[in-house]
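Asker: Quick one, what's the 3D model for this:
(one chain, ligands or ions: 1)
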Amino acid sequence: MATIFTKIVNREIPAHIVYEDDLVIAFLDISQATPGHTLVVPKQEYKNIFELDEKISNHLFSVVVKLAKAINLSLKPKGLNILNNNEAVAGQTVFHYHIHLIPRYDAEDVTFKLVDHSKQLDHSVLSKRADLIKSAL
Ligand code: AMP
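Answerer: From the prediction side, this is the model:
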């Protein structure tokens, strides 16, 4: 079954589209977490980053940069977050890969809480963790 974003690509449901080319579409997120909150989406359905094709992601990220600059110029936020949720545990609700561009006007308008564990730093644990990641590249 087509995802909700494919329905936007196919003009089966409405959206405020701000950019489109052969591979990528971008439109305003319906939730507008902040004014100008935008989603950048590959037209082809990839569930999440673990399935994403690298050629598409290179192009997609160039569109992300272009749109971030356009949002910055036009809406004049004080900053901007880039967010991508992969799998339900990470907050993904639409299982068609997408990147959120979230302009920031105030430090309080969006909350992310990253817990700082640097006080319990154990370099041998981190070294093993880094080796595991490197071995999978
Ligand atoms: P995520 O939770 O990262 O999967 O993000 C999914 C996003 O899609 C949410 O921020 C929703 O507000 C947004 N969304 C869902 N349906 C639509 C729609 N029809 N048009 C625009 N944005 C949508």
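
Asker: For the protein, which segments count as helices?
Answerer: Remark: helices assigned in the chain by DSSP state H are 4-9, 54-75, 123-135.

Asker: highest average neighbour count across the ones you listed?
Answerer: Taking mean count of other Cβ atoms under 10 Å as the contact definition, the stretch among the helices of the chain with the greatest mean neighbour count is helix 4-9, which reaches a mean of 18. Yep, even glycine has a C-beta here, placed from its N, CA and C like the rest.

Asker: Now do the strands in this protein.
Answerer: Counting by DSSP state E, the chain has these strands, from start to end: 17-20, 24-28, 38-42, 79-83, 99-104.

Asker: Take those strands and write them to a markdown table, including distance to residue 72, mean pLDDT and mean neighbour count.
Answerer: Formatted as a markdown table, the entries for these read as follows, by distance: least, Cβ to Cβ, whole Å; pLDDT from 0 to 100; neighbours: other Cβ atoms under 10 Å:
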| stretch | distance to residue 72 | mean pLDDT | mean neighbour count |
| --- | --- | --- | --- |
| strand 17-20 | 13 | 98 | 14 |
| strand 24-28 | 15 | 98 | 20 |
| strand 38-42 | 12 | 98 | 23 |
| strand 79-83 | 7 | 98 | 14 |
| strand 99-104 | 8 | 98 | 21 |
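
Asker: Next to the ligand, which bits of the protein? Give me the list.
Answerer: If contact is defined as Cβ under 6 Å from any ligand atom, the residues of the chain in contact with the ligand are 4, 13, 15, 29, 30, 31, 39, 85, 91, 92, 93, 94.

Asker: Among these, list the two that are farthest apart in space.
Answerer: Checking the residues of the chain next to the ligand against each other with Cβ to Cβ, the farthest-apart pair comes out as 13 and 91, at 22.4 Å.
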